[in-house]
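J.: predicted coordinates and the sequence they were generated for:
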Amino acid sequence: MSTVPDSQSADSPTGEQVDDPNRPPVEFGAVPSPDDQAHRRAVARHGELTKPAGSLGRMEELGVWIAARQGSCPPRRFARPRAVVFAGDHGVARNGVSAYPSEVTTQMVSNIRSGGAAINALAANAGAGVRVVDISVDGATEEAVSAHKIRRSSGSLDVEDALTEQEVRSAVLAGRALADEEIDAGADLLIAGEMGIGNTTPAAVLIAALTSSEPVAVVGRGTGIDDTAWIRKTAAVRDGLRRARRVSDDPLALLRTSAGADLAAMAGFLAQASVRGTPVILDGMVVGSAAMVAEELAPGAVRWWLAGHRSVEPAAALVLDHLDLRPVLDMDMRLGEGSGAMAALPVVNAAVRVLAEMSTFEQAGIRGPTGAEATGRTEVTSDAEG
Ligand SMILES: O=C(O)c1ccc[n+]([C@@H]2O[C@H](COP(=O)([O-])O)[C@@H](O)[C@H]2O)c1
Ligand SMILES: Cc1cc2nc[nH]c2cc1C
């Protein structure tokens, strides 16, 4: 069931696509480059601060990365960091691929809304806001009739397309609109999180399709499944992958075949954040799968993303490798909700304050390094990749 207002079909009776003002194209603008000059100034400033050159290690790289994304050295403290949690159910959960029943998705949406989930505690710790959006939840949530609801649970990707053509477009556009809404309201750092029983199965299919991996390499324990459920999940991923591989070079078709509306919306959100030049901290394996598709939708989007953590899901390592990202944290986490990204935010905030607030050798009247050591040693690529 679609409740998205612009979802009138624009297919002609022959199935051909026609232009329809009610059906805007799924397009993303060009992704801007981070600011090279701010990057260079941040590297130089790190060499002037009262510490041995390079001694704050990756904390220095993070500060430089943020300065280049803000176009400002010293960087500014984030005024409005925000997490958007994309909630959806997945038909494939009926195959017994999760350790929890699907009702938990609806229940956890309420829990996040009332402030009782891990993401809420971590956001409070980091000084960030949290918003949970029902994209494709089966049960009734307060947002059941909101503009962002695409449908109830997504189709079971092992035997059918997860979405219709119309739904995938609406979902990606809903995610794009959510990024615009948040950025227009002042968000200067975004985190995408997700909540959906069964969603590590579609995420595994997307990652396998885009990295040419086998099912056994991408199927993990999700919420904590036993060996029997792992075998069922691997069979579902195998069947889904057979369908997904046919369309793996077309990101919208891949989302339609295998993703689910929540993951499609997340891909639109991540792509648009980059188009708007807003930095993002990625979460674990599920967000990572959407990020891989977002990079296909908006090439270069990855330059605006930091990897918050390395999830224990085996496919998370494939995502990090594929996007060439090094995670801030590696804490054996596997929760989702944006929790790994939110746990990393205080480290990112610390990196900003170090670069912005420390005194230089000159200001403090301390003798700086001697001879050839007089320049900073922060080792970052010219693009300051995360
Ligand atoms: O993103 C991850 O790295 C991740 C790893 C394990 C579990 N999850 C979360 O667990 C749920 C999906 O797990 P499952 O077993 O139901 O597929 C979903 O709500 C995700 O937020 C997420
Ligand atoms: C309780 C619970 C909380 C979650 N948060 C993200 N995924 C989750 C899965 C479960 C089962």
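T.: Sure, I can see it. Ligands and ions are numbered 1, 2, ... in the order given.
J.: helices or strands up against the helix or strand that contains Val347?
T.: Assessed by DSSP states H and E, Val347 sits inside helix 339-357. When contacts are defined as 3 or more Cβ pairs under 8 Å, 6 or more residues apart in numbering; DSSP states H and E, helix 339-357 sits against helix 36-48, helix 57-70, strand 81-88, helix 118-126, strand 189-195, strand 280-282. Backbone N, C-alpha and C define where each C-beta goes, glycine included.
J.: 6 Å instead?
T.: Secondary structure elements in contact with helix 339-357, counted by 3 or more Cβ pairs under 6 Å, 6 or more residues apart in numbering; DSSP states H and E, are helix 57-70, helix 118-126.
J.: list of residues touching the shortest one?
T.: Applying Cβ atoms under 6 Å, 6 or more residues apart in numbering, the set of residues contacting helix 118-126 from outside is Val130, Gly193, Leu335, Glu337, Gly338, Ser339, Met342, Ala343, Leu345, Pro346.
J.: for it, buried residues please.
T.: Within helix 118-126, the residues scored as buried using 16 or more other Cβ atoms under 10 Å are Ala118, Ile119, Asn120, Leu122, Ala123, Ala126.
J.: next secondary structure after that helix?
T.: Going down the chain from helix 118-126, the next helix or strand is strand 129-136, by DSSP H and E.
J.: got the angle for that following strand vs strand 189-195?
T.: Orientation check (axes from the mean of the first three to the mean of the last three Cα atoms, to 10 degrees): strand 129-136 against strand 189-195 gives 40 degrees.
J.: how far does strand 129-136 sit from its chain's centre?
T.: 14 Å (Cα atoms, centre = their mean, to the nearest Å).
J.: report the rounded mean pLDDT for the following helix or strand past that strand.
T.: Remark: after strand 129-136, the chain's next helix or strand is helix 165-184, criterion DSSP H and E. Mean pLDDT, helix 165-184: 97.
J.: and stretch 300-312, by the same measure?
T.: Stretch 300-312 comes out at a mean pLDDT of 98.
J.: which residues touch that stretch?
T.: 31, 271, 274, 279-285, 294-295, 316, 320, 323, 325, 327-330, 332-334, 340-341, 344, 386.
J.: stretch 32-41 now?
T.: By Cβ under 6 Å, 6+ apart, the list of residues contacting stretch 32-41 reads Ala67, Ala68, Arg69, Gly71, Ser72, Cys73, Gly277, Ala384.
J.: re earlier: I'd like to know which of the helices and strands packed on helix 339-357 is closest to ligand 2.
T.: The closest of these to ligand 2 is helix 118-126. By Cβ to the nearest ligand atom, the value is 7.0 Å.
J.: for Leu206, give its distance to Val328.
T.: Per Cβ to Cβ, to the nearest Å, Leu206 is found 23 Å from Val328.
J.: looking at the two, which is more packed in?
T.: Each of Leu206 and Val328 has its neighbours counted (other Cβ atoms under 10 Å); Leu206 has more, 33 against 26.
J.: the more buried one and Gly88: what is the separation?
T.: Going from Leu206 to Gly88 by Cβ to Cβ gives 14 Å.
J.: kindly report the same for Met333.
T.: 21 Å.
J.: tell me which of the two has more neighbours.
T.: For Met333 versus Gly88, the count of surrounding residues by other Cβ under 10 Å is larger for Gly88: 35 against 20.
J.: quick one, what contacts that one?
T.: Per Cβ under 6 Å, 6+ apart, neighbours of Gly88: Ile135, Ser136, Gly196, Gly260, Ala261, Asp262.
J.: spatially nearest residue to it (excluding sequence neighbours)?
T.: With sequence-adjacent residues excluded and distances taken as Cβ to Cβ, 6 or more residues apart in numbering, Gly88 is closest to Asp262, at 2.9 Å.
J.: how near is the one you found to ligand 1?
T.: To ligand 1, Asp262 is 10 Å away according to Cβ to the nearest ligand atom, to the nearest Å.
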